[in-house]
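K.L.:
Provided below for reference: sequence and predicted model.
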There are 2 protein chains.
Amino acid sequence: MEASLRSLGLSVPQYSCLEILNARPGISNADLARAVFVTRQAMHQLLGGLQEAELVSAGGQGRVQRYSVTPEGQRIITAASAAVAAVEEQMLSGLQPSERQRLHSDLERCTTALGEDTFKGASDARYWARLHLTSSP
Amino acid sequence: MEASLRSLGLSVPQYSCLEILNARPGISNADLARAVFVTRQAMHQLLGGLQEAELVSAGGQGRVQRYSVTPEGQRIITAASAAVAAVEEQMLSGLQPSERQRLHSDLERCTTALGEDTFKGASDARYWARLHLTSSP
DNA sequence: CGCGGCACGTCAAGATCTTGACACAGATCG
DNA sequence: CGATCTGTGTCAAGATCTTGACGTGCCGCG
């Protein structure tokens, strides 16, 4: 996944940021940081890079800056999302649809068993499966 | 898992290094780096820290340095392994033994489907489940 | 209305990991 | 036997993330 995104000029945290930003336009920096499981400072630097590349735009008045994805960024997201979906499909290629659903349900039971507060922001399991396969490290 | 290990004074990569080093005494730096999925340089620094803390000892003659765990390090490993096992048990607390085995088998099918070369060093699925829950964020 | 708590944004410093590069040991093969 | 090639250890530089700290806007409560 990391290698596939690199060919598009994106790193995994950058892709995570763009994907969540696309799903929740106008989200704040701190909420974005919690969704990607990094500190506010790291997200601040990351957004600076994306803003430099004209992929996200910072609007909003008052203290809190509200970010959204530019049209150029949306084109990259579609390509990146397809690349990640391809990796995901390869990973699940050996499992039938019923088995995939079973695996998804088992993993969700694991996250809920680990405590509600830890994965509070990861209610949308789709992004969760998408964004944290590697990264880590 | 990261929080549990921190109370013992270990980080996740350090714990991974110690666990693999305990399973394979006399392993080289490069092999250790591949097993933990980091570069040789990062593992070199990491081993420097562990060697400073008297948890691992560097023996071996010739060019390749061969590392092993000191008795002091083994005591810490047992405590850390128990702490990690506790987190693992909490994560799997909602699954019955047959379901756990099913999940394990499904995940193994995913790793093999992603390509043999990527996870070549992770043949021992037990350590794989132990060492890469986080890390990678 | 004023005021303390609280989250947010941001600056600076330290730690960790990666990338790139270089020198050397050991194996392979002509 | 000597040349080449791969793998290894190691140094230096750049990037990224974390920790710590500070100033500021926002909200509830006296």
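P.N.:
Happy to help now that I have it.
K.L.:
Every contact and neighbour count from this point should use C-alpha atoms.
P.N.:
Will do.
K.L.:
By mean pLDDT, which helix or strand of chain A comes out lowest?
P.N.:
Among the helices and strands of chain A, helix A:125-131 carries the lowest confidence by mean pLDDT, DSSP states H and E, at a mean of 39.
K.L.:
Okay, A:T112 and DNA strand C: tell me how far apart.
P.N.:
23 Å (Cα to the nearest atom of the strand, to the nearest Å).
K.L.:
wait, A:A30
P.N.:
4 Å.
K.L.:
Over to A:S57?
P.N.:
A:S57 is 13 Å from DNA strand C, by Cα to the nearest atom of the strand.
K.L.:
What of A:G48?
P.N.:
A:G48 is 9 Å from DNA strand C, by Cα to the nearest atom of the strand.
K.L.:
A:S4 now?
P.N.:
13 Å.
K.L.:
Strands of chain A, residue ranges please.
P.N.:
Under the criterion DSSP state E, chain A carries strands at the ranges A:56-59, A:66-69.
K.L.:
I'd say A:L32 and A:Q41 touch.
P.N.:
No. Contact status for A:L32 versus A:Q41: not in contact, 11.2 Å apart, counting by Cα atoms under 8 Å.
K.L.:
Contacts only, for A:A83.
P.N.:
The contact partners of A:A83, taken as Cα atoms under 8 Å, 6 or more residues apart in numbering or on different chains, are A:1, A:4-5.
K.L.:
if we can go back for a sec, indicate which one of the strands of chain A is closest to DNA strand D.
P.N.:
Each of the strands of chain A has some distance to DNA strand D by Cα to the nearest atom of the strand; the shortest is strand A:66-69, at 12.6 Å.
K.L.:
Could you export that closest one as PDB, CA atoms only?
P.N.:
These are the backbone C-alpha positions of strand A:66-69, laid out as PDB (Å, rounded to 0.1, in the frame of the first residue of the first chain):
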ATOM      1  CA  ARG A  66     -11.400  24.700   8.600                       C
ATOM      2  CA  TYR A  67      -9.900  22.700   5.800                       C
ATOM      3  CA  SER A  68     -11.300  21.100   2.600                       C
ATOM      4  CA  VAL A  69     -10.100  19.300  -0.400                       C
END
